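In: structure for this input, please:
(one chain, ligands or ions: 1)
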Amino acid sequence: MDGHCIDDLAKDTLDVAKRKVNLFKLNRTAKEKGLQYIRKDGTVVPTRSVKPPCKCNMECFSKYTEAVRKEILTNFLRLKSSGQNQFLATHMFVKQTARIRVVNSRRTYSRVYKLPSHNGTTTVCKVMFMDTFDIKDRKLRCLADKIIQGNGVARDDGRANNTSPKEVKRGHH
Ligand SMILES: [Zn+2]
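Out: Sure thing, here's the model as predicted:
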């Protein structure tokens with residue numbers, strides 16, 4: 001191999017690396033905006049969309065039309081991913097349901113989910129919440145853990161111990 005070849009090889013390697021970085025950036029932006037993107041393992045993650053509504057006893061499906069749900073998702077996806085997490089966390093309330101007998105037991109917590117509405121927020125079921133933002137249970141568990149760790153756990157009277165959604169928003173700007 002002469003020097004020229006080595007240079008070419010180095011250039012090629014650099015180009016591949018650059019392409020990878022670009023693809024990563026492209027993927028990250030697409031993911032944030034809810035557009036189709038490709039995971040590292042090659043799995044294609046489709047564009048996020050509102051999933052069919054719940055059929056629960058709370059009748060959330062009668063409170064939120066498909067059009068309104070789409071609007072909520074569109075507005076949500078305009079946020080940066082940190083903003084999206086913050087939005088979800090402030091629309092999710094983790095309540096202590098019983099005296100803690102076992103430390104760190106998940107069973108002593110229950111969650112309340114809310115969607116934005118004309119007069120603030122409206123409580124919906126977990127299915128409605130997940131299927132409007134097109135998120136999975138794993139994501140909710142992750143956020144709930146963070147809320148609990150940050151002591152943003154609402155007491156039985158519904159008041160948060162420390163962080164109210166308003167306070168979080170103020171701190172964010
Ligand atoms: Zn429901």
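In: past the longest helix seen in the chain, which element shows up next along the chain?
Out: Here the longest helix in the chain is taken by residue count, with DSSP state H as the criterion, and it is helix 3-32. Note on helix 3-32: by DSSP states H and E, the next helix or strand toward the C-terminus is strand 37-38.
In: domain-wise, how is this structure divided?
Out: For the chain, the structural domains run 3-45, 60-172, going by automatic domain parsing.
In: excluding chain neighbours, what is closest to Lys33?
Out: Closest residue in space to Lys33, ignoring its immediate chain neighbours: Leu77 at 5.6 Å, by Cβ to Cβ, 6 or more residues apart in numbering. C-beta: built from backbone N, CA, C; applies to glycine.
In: residue contacts, that neighbour?
Out: Remark: with contacts taken as Cβ atoms under 8 Å, 6 or more residues apart in numbering, Leu77 is in contact with Glu32, Lys33, Gly34, Arg48, Gln84.
In: tell me which residues are up against the strand ranked longest in the chain.
Out: Residue-count comparison of every strand in the chain, with assignments taken from DSSP state E, identifies strand 109-117 as the longest. Applying Cβ under 8 Å, 6+ apart, the contact partners of strand 109-117 are 60, 63-64, 72, 91-97, 121-126, 128-129, 132, 140, 144, 148, 153-154.
In: close to the ion: what parts of this protein are there?
Out: Cys54, Cys56, Met58, Cys60, Cys125, Met128 (Cβ under 5 Å from the ion).
In: any stretches of the chain with poor pLDDT?
Out: Applying pLDDT under 70 to the chain picks out residues 1-6, 98-107, 151-173.
In: which residue is nearest the centroid of it?
Out: Asn85 (4.8 Å; Cα atoms, centre = their mean).
In: which stretch of helix or strand covers that residue?
Out: Here Asn85, judged by DSSP H and E, is contained in helix 81-90.
In: quick one: list the elements packing against that helix.
Out: Helices and strands in packing contact with helix 81-90 are listed as helix 3-32, helix 66-77, helix 137-149, helix 165-172; criterion 3 or more Cβ pairs under 8 Å, 6 or more residues apart in numbering; DSSP states H and E.
In: going on from that helix, what's the next piece of helix or strand?
Out: strand 92-96.
In: so which bits of that following strand are buried?
Out: By neighbour count, and taking 16 or more other Cβ atoms under 10 Å as the criterion, the buried residues in strand 92-96 are Met92, Phe93, Val94, Lys95.
In: roughly how far does the residue lying closest to the second one once chain neighbours are set aside sit from the ion?
Out: The shortest distance from Phe93 to any residue other than its chain neighbours is 4.3 Å, reached at Val112 (Cβ to Cβ, 6+ apart). Counting by Cβ to the ion, to the nearest Å, the separation of Val112 from the ion is 12 Å.
In: if anything else comes up later, I'll come back, but that's it for now.
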